[in-house]
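K.L.:
my questions concern the predicted model and sequence given below.
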Amino acid sequence: MSEQNEFEQLDCSAVIADVWLMLDNECDDATRARLKRHIEDCGSCFEAYGIEEKVKSLVSRKCGGEHAPDGLRERLKIQLRSTTIITRIESE
């Protein structure tokens, strides 16, 4: 498949949805390369990527060193477990 065909097959909304995976280093090398190629060739995706990158950087600077108190973390874990159990019981 040529690069032009690959570019045409990538949907911009899918690229923008995957930008966070790329920014968080949660995608494989092949996906990263494919997304980067598309972003470099697509002006609107390039602009959206820049905005998302700035937002991530801002959040990291402003909130990066803070951690939730242990009590809050435990309450959230308990709530998530009970929600999961309730969901499973309701779906059976």
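P.N.:
Perfect, I can see it now.
K.L.:
if I pick residue 49, what's in contact with it?
P.N.:
Residue 49 makes contact with 16, 19, 39, according to C-beta atoms under 8 Å, 6 or more residues apart in numbering. The C-beta positions use only the backbone N, C-alpha and C, and glycine is treated the same way.
K.L.:
in helices, which of those residues appear?
P.N.:
Taking DSSP state H as the definition of helices, the contacts of residue 49 contribute 16, 19, 39.
K.L.:
the last one: neighbour count?
P.N.:
By that I understand residue 39. By the criterion of other C-beta atoms under 10 Å, residue 39 has 22 neighbours.
K.L.:
and the residue most central in space within the chain, what pLDDT?
P.N.:
Among the residues of the chain, the one closest to the centroid is residue 20, at 2.9 Å (C-alpha atoms, centre = their mean). Looking at residue 20, its pLDDT stands at 84.
K.L.:
that one touches residue 51, doesn't it?
P.N.:
No. Residue 20 is beyond contact range of residue 51, at 11.8 Å (criterion: C-beta atoms under 8 Å).
K.L.:
quick one: low-confidence parts of the chain?
P.N.:
Where the chain drops to pLDDT under 70, the residues are 1-10, 83-92.
K.L.:
what about 80?
P.N.:
Counting by pLDDT under 80, the ranges of the chain that qualify are 1-10, 62-68, 80-92.
K.L.:
any chance you could map the helices in it?
P.N.:
Going by DSSP H, the chain shows helices at 3-9, 12-23, 29-41, 43-63, 70-91.
K.L.:
just the angle for the fourth one relative to helix 12-23, thanks.
P.N.:
In this structure, helix 43-63 runs at an angle of 40 degrees to helix 12-23, with axes from the mean of the first three to the mean of the last three C-alpha atoms, to 10 degrees as the basis.
K.L.:
in helix 43-63, what counts as buried?
P.N.:
Residues of helix 43-63 classed as buried by neighbour count (16 or more other C-beta atoms under 10 Å): 45, 48, 49.
K.L.:
report how many residues lie close to the closest residue in space to the second one that isn't next to it in sequence.
P.N.:
Translated: residue 48. Closest residue to residue 48 apart from its sequence neighbours, by C-beta to C-beta, 6 or more residues apart in numbering: residue 16 at 5.1 Å. Using other C-beta under 10 Å, residue 16 has 18 neighbouring residues.
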